[in-house]
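Colleague: Predicted coordinates and the sequence they were generated for:
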Number of protein chains: 2
Amino acid sequence: MKNQQQVFVTMAISAWESHIKRTDKLFDGLTDAQLSHEVSPGRNSGIYLLGHLTAVHDAIPVFLGTGGRVYPQLDVAFVSNPDKSGFAIPAANDLRTYWKEVNTRIANHISTMNEEEWFKKHTAVSEADFAKEPQRNKLNILVNRTNHLSYHLGQLMLLASKNG
Amino acid sequence: MKNQQQVFVTMAISAWESHIKRTDKLFDGLTDAQLSHEVSPGRNSGIYLLGHLTAVHDAIPVFLGTGGRVYPQLDVAFVSNPDKSGFAIPAANDLRTYWKEVNTRIANHISTMNEEEWFKKHTAVSEADFAKEPQRNKLNILVNRTNHLSYHLGQLMLLASKNG
């Protein structure tokens, strides 16, 4: 019988992995033309959401304290500014490669972390705040980013029926 | 310093509550006309997603072992069949009322559950399977339904800019 600490870590990692798997499958099945469509008229394009998710995931190792950014240059076009702001963006194929790379990197980091480590504070919270709010731990980063991914996956699924 | 078991439960409940709050705010700000729109051409309407989320949440107490269904009649139009299948549906105003009621009921159930209870098996898993997979507990129902809500919230947000 696993202890409850292990159980909770397993729950959070499983949810993360299953959402990454579903999103990978969706991106792999979308053509570059489909990715260029907006998820709904006037809203974000698929390519923007691919860049956005890649940039947000690229920062996860920083919060976990397991590594630095690899693609900080994505932030201006995909995080700090909305879609259609006119910034140059990488080719779809490059973004697809970055997306796979960043998630593979996170999976490697996850595989090296033990249960105790997940309940330590993440790097963007102070010791004082963490003492008051112990839920602001590394595992909570993974839980929140899973919900963030699910939110945008729901939107990206709308592209699956587009022509192109 | 809270113990870690309390910390896990706090993390999962906070994520649930914050998503319910965001979704409530969105529904309250959408007119019935906006709700009648599809989130993207040819996809689910806002009213379908309101009914779908209400029906799915209505079943949560069953999984938690805290109560029965109140609106099982919603399943045929909003869970077992896709949008635009031609089934009669309640008025938007009634669905809005059910949505608030079901989430208030769940909040009441949550307030009565202690930490130990959350790590017990949910009602749809056998004792034998639970022994092998202790992550199939009541808290995992809440974690999974939070991700499900986030997925559809991302779609519902697309209605906020529609006229009507």
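Modeller: Right, received. Where do you want to start?
Colleague: Give me the distance from stretch A:92-110 to the chain's centre.
Modeller: Relative to the mean C-alpha coordinate of its chain, stretch A:92-110 is positioned 10 Å out (Cα atoms, centre = their mean, to the nearest Å).
Colleague: which residues are contacting that stretch?
Modeller: Taking contacts as Cβ atoms under 8 Å, 6 or more residues apart in numbering or on different chains, the residues outside stretch A:92-110 that touch it are A:13, A:16-17, A:20, A:24, A:27, A:32, A:35-36, A:47, A:50-51, A:53-54, A:57-58, A:60-61, A:64, A:66-67, A:70-71, A:74, A:89-90, A:142. Heads up, the C-betas are built off the backbone N, CA and C, glycines and all.
Colleague: Just the buried subset of those, please.
Modeller: Neighbour-count burial within the contacts of stretch A:92-110 applies to A:13, A:16, A:20, A:27, A:35-36, A:47, A:50-51, A:53-54, A:57-58, A:60-61, A:64, A:66, A:71, A:74, A:89-90, A:142; the criterion is 16 or more other Cβ atoms under 10 Å in any protein chain shown.
Colleague: What about those residues, which are in helices?
Modeller: When DSSP state H defines the helices, the subset of the buried ones among the contacts of stretch A:92-110 inside them is A:13, A:16, A:20, A:27, A:35-36, A:47, A:50-51, A:53-54, A:57-58, A:60-61, A:64, A:142.
Colleague: and chain A, which residues reach chain B?
Modeller: Counting by Cβ under 8 Å from any Cβ of the partner chain, chain A comes close to chain B at A:1-2, A:4-5, A:7-8, A:10-12, A:14-15, A:19, A:39-43, A:119, A:131, A:134-135, A:137, A:139-140, A:143-144, A:146-148, A:150-155, A:158, A:161.
Colleague: change it to 7 Å
Modeller: Residues of chain A lying near chain B by Cβ under 7 Å from any Cβ of the partner chain: A:1-2, A:4-5, A:7-8, A:10-11, A:14-15, A:39-40, A:42-43, A:119, A:134-135, A:140, A:143, A:146-147, A:150-155, A:158, A:161.
Colleague: Which residues are in contact with the residue nearest to the spatial centre of chain A?
Modeller: The central residue of chain A, meaning the one whose C-alpha is nearest the mean C-alpha position (Cα atoms, centre = their mean), is A:His57 at 3.6 Å. Taking Cβ atoms under 7 Å, 6 or more residues apart in numbering or on different chains as the contact definition, A:His57 lies against A:Val102, A:Asn103, A:Ile106.
Colleague: tell me the pLDDT at it?
Modeller: According to the per-residue confidence, A:His57 scores 98 in pLDDT.
Colleague: what does A:Asn3 give?
Modeller: Confidence per residue is given as pLDDT, and for A:Asn3 that number is 79.
Colleague: Would you check how far apart it and A:Phe119 are?
Modeller: Shown here: A:Asn3 relative to A:Phe119, a distance of 12 Å by Cβ to Cβ, to the nearest Å.
Colleague: and what of A:Leu153?
Modeller: For A:Leu153 relative to A:Phe119 (Cβ to Cβ), the value is 27 Å.
Colleague: out of the two, which sits in the more crowded spot?
Modeller: Comparing A:Leu153 with A:Phe119 by neighbour count (other Cβ atoms under 10 Å in any protein chain shown), the higher total belongs to A:Leu153, at 22 against 18.
Colleague: Assess the claim that A:Phe8 and B:Phe8 are in contact.
Modeller: Yes - using Cβ atoms under 7 Å, A:Phe8 is in contact with B:Phe8, at 4.2 Å.
Colleague: so where is chain A shaky, pLDDT-wise?
Modeller: The model of chain A has pLDDT under 70 over residues A:1-2, A:163-164.
Colleague: tell me the strands in it, going along the chain?
Modeller: Taking DSSP state E as the criterion, chain A carries no strands.
Colleague: ok, A:Phe130 - how many residues close by?
Modeller: The local packing of A:Phe130 (other Cβ under 10 Å) involves 15 other residues.
Colleague: Please apply the same query to the one 5 residues further on.
Modeller: The local packing count at A:Gln135 equals 20, with neighbours defined by other Cβ under 10 Å.
Colleague: That one: what's it in contact with?
Modeller: With contacts defined as Cβ under 7 Å, 6+ apart, the neighbours of A:Gln135 are B:Val7, B:Thr10, B:Met11, B:Ser14.
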